[in-house]
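Colleague: pasting a predicted model and its sequence here:
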Amino acid sequence: MKYLYALCFTLLLVNVSRAQTCEDFAVELSATVQASPASITLHWHPLADTTTYNIYRKSKTSLIWGSPIAMLTTVDSTYTDNSVIADSAYEYQVLGGHHSRSLNWEAAGYIYAAVQSPAIHTRGALILVVDSAFTDSCAAGIHRLMKDVSGDGWQLVRHDVARTLPDTAVKALIKNDYATIPNVKAVMIIGHVAVPYSGDLNPDGHPDHLGAWPADIYYADMTGTWTDDSVNDVSAGYAANINIPGDGKWDQTTIPNLTQLQVARVDFYDMPGFAASEVQLMRSYLNKDHMYKMDSLVVRHRGIISDNFGVFSVPDAGITYYEAFASSAWRSFAPLLSRDSVAATSAMIPNLDTASYQWSYGCGGGWFSGAGGIGATGDFATHQVNGIFTMLFGSYFGDWNVADNFLRAPLCSSNPGLTCCWSGRPYWFFHHMALGENIGFSAWCSQNNDGNLYAPGNIYGIQQWVHVALMGDLTLRTEYVQPATNLTVASVPLHGAILNWIASADTAVHGYYVYKSATEFGSYLRVSGLLSATTYHDTVGTDGLQYYMVRPVKVQSTPSGVYNNLGIGSTDTATVTYTPESITRIAEPVHIEVYPNPSSDVLNISLTATAPAAATCNIMSITGAHVISAKKELRQGNNILTFNIAVLPAGVYTVEVTTGGSTAVRKWVKM
């Protein structure tokens, strides 16, 4: 049966082209950096028959690339950008004009690079939606997950819901949180919470698979309109895909608006190919997820690609279009791992059985529980699968809410498979993770990509379709630091608290930051600068119970440059009191962040205050001229000021924030 499915998939793609490989469609980028004078040099693996390379640059959050900053020739394989500042990060696009005899196409590459990107102290609020079947059975593991997520800079809001609760009711909880809690960024689903279905689509190309597909992205859209009154399609060969008006399945094939939230799911429902029960699989996943975040697993930072499709050429009205599914891996793996650490193989699972690869990709003609040339769901039960981040592609199994689904299988493995996605229609982009972004951010970018932000666009216009989904913990990052241990907090009456801890076992750690919060999973405020010692005296604050956190930081080098990598926080509590004099001294922000940096249209200034205060903000040109000024009454906690800077000329600016008797200054770049 599986060969029939594989054949059906192949017949829908005309004229297999063996003159090119999927690697030809990826500009495989890496970067070297220099601190003084600051520069970023891009490098790429040369592509044969390339006529031009166009280089673009933007801020991470901008949706527009603009004009090329450089146009190079076929002999070039490096480019140095001297117009950078050392503590800012930049996203680059390199498009290679490619030709081979009478055939022409464009190769694309992406990298998020920095000389030394600042640490990410706060990541926003995350809504954790827990299937109540696991509330008691996995209580310890879920609480530990929450500690780890909180320790990585997320504020947490939790809802435990019955798996019978309709998707509309689940979304109502999420939308209420989004409306009432500042800076909500993500939704993570634990268990078999209601699976939304939507659309009239078959991105795998099979007529019997046309209809509604699972659409967790429904939970990520806070502003779009979703309807259930227009699609009327009963042609699907599978009951779950049939979509008729009023059946509770949504009409939308494409997301109504750009989504606001990252979304992902950890779900082991109906996986009988594994001997372990659903609860046992969840416990196992939570254990290996924690071990990875503690940097206690031996992981080889390299990638493996098993491409059983190659390149397909599709002629249409005199124009030939190309699909190169595995280019998604070649394009993303290079800035994460380096091109020299990526290898092609014809045997993905056997290789993962005997060796460790942080990233893996496999594609082949598929069915619901496997893919030709890769394997089947049962292989993840019988083999050691030594991989963390998995990308798979093939027919049928992108529709993931079925028994023994292949897309969910890597998460069920006893070894540390932690995420999986269906990458090929459309392509996914993970280059942001090289500087410490979480995988949910890259998933969010891939889901919202219209084909212009990140190329190439799929030839069938599949961008922004509702089926694009991430399986696994969306907070995961590529690099972790061993945490500080044995944190103790001793209250000193009327003089705050004294913190002591044991240093991280990672000898590359160069310091620690201290944070505190009024609640266990609330927003933690940074209260210290970079500390070299393993002790800290907190003398300023508000009387009462305080949750303290200590996080190690080290300078992390990657193929995309350098960033300050924070480890998961260690926590302890104390009920503290302060002198009245110290309480009156806290009317100033303890932390200021400016983002995106660089920026082209909007500038956000995040002010974290330990108490209410009045602040004055000035944006100044390099000559010292005030170009924008504003005043704001700060509340305790996080405050966001947003400015439209689209009309400002390109150049280097400073942000000056004055509160109380203190002034903080940050540099930023207008592109």
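Modeller: Sure thing, it's come through. It should be emphasised that the depicted structure is a prediction, and the values quoted were computed from it without experimental measurement. Numbering: from 1, shown residues only.
Colleague: switch to C-alpha atoms for all contacts and neighbour counts from now on
Modeller: OK.
Colleague: where does the prediction get shaky in the chain?
Modeller: Residues of the chain that meet the criterion pLDDT under 70 lie in 1-19, 99-104, 317, 581-590, 610, 622-624, 660-662.
Colleague: tell me the domain ranges of it?
Modeller: If you go by automatic domain parsing, the domain ranges for the chain are 2-119+298-472, 124-289, 485-584, 589-670.
Colleague: quick check: Ile142 touching Leu286?
Modeller: Yes. Between Ile142 and Leu286 there is a contact at 7.2 Å, judged by CA atoms under 8 Å.
Colleague: contact partners of whichever helix or strand Asp148 is part of?
Modeller: Assigned by DSSP states H and E, Asp148 falls within helix 139-150. In this structure, residues lying in contact with helix 139-150 by CA atoms under 8 Å, 6 or more residues apart in numbering are Leu156, Arg283, Leu286, Asn287, His290, Lys293, Thr475, Phe521, Gly522, Ile568, Gly569.
Colleague: now the two most distant members of the residues you listed.
Modeller: Using CA to CA, the contacts of helix 139-150 span at most 24.9 Å, a distance reached by Arg283 and Gly522.
Colleague: after the helix holding Asp148, which helix or strand is next?
Modeller: strand 154-161.
Colleague: next up, the contacts around Val27.
Modeller: With contacts defined as CA under 8 Å, 6+ apart, Val27 is in contact with Trp44, His45, Leu47, Val94, Leu95, Gly96, Ala107, Ala108, Gly109, Tyr110, Arg331.
Colleague: skipping adjacent residues, who's closest to it in space?
Modeller: Gly109 (4.2 Å; CA to CA, 6 or more residues apart in numbering).
Colleague: what segments of the stretch 351-500 of the chain are strands?
Modeller: Taking DSSP state E, counting those that start in this stretch to define them, one finds strands in the stretch 351-500 of the chain at 357-363, 366-367, 370-371, 375-376, 387-393, 419-422, 470-472, 485-491, 497-502.
Colleague: compute the inter-axis angle for the first one and strand 387-393.
Modeller: Between the axes of strand 357-363 and strand 387-393, defined by axes from the mean of the first three to the mean of the last three CA atoms, to 10 degrees, the angle is 10 degrees.
Colleague: what about Arg265, neighbour count?
Modeller: Neighbours of Arg265 under the rule other CA atoms under 10 Å: 23.
Colleague: swap that for Leu297, sorry
Modeller: When neighbours are counted by other CA under 10 Å, Leu297 registers 12.
Colleague: doesn't Met291 make contact with it?
Modeller: Yes. Taking contacts as CA under 8 Å, Leu297 lies within contact range of Met291: 6.3 Å.
Colleague: returning to what we had before: any buried residues in the helix holding Asp148, and which?
Modeller: Gly141, Ile142, Leu145, Met146, Lys147, Asp148, Val149, Ser150 (16 or more other CA atoms under 10 Å).
Colleague: repeat for stretch 476-489
Modeller: 476-485, 487-489.
Colleague: what about that stretch, distance to the chain center?
Modeller: Offset of stretch 476-489 from its chain centre (CA atoms, centre = their mean, to the nearest Å): 20 Å.
Colleague: for stretch 110-126, same thing?
Modeller: That offset, for stretch 110-126, works out to 11 Å (CA atoms, centre = their mean).
Colleague: ok, now stretch 154-170?
Modeller: Here stretch 154-170 is found 21 Å from its chain centre; the criterion is CA atoms, centre = their mean.
Colleague: cool, and stretch 464-484?
Modeller: Stretch 464-484 sits 5 Å away from the centroid of its parent chain (CA atoms, centre = their mean).
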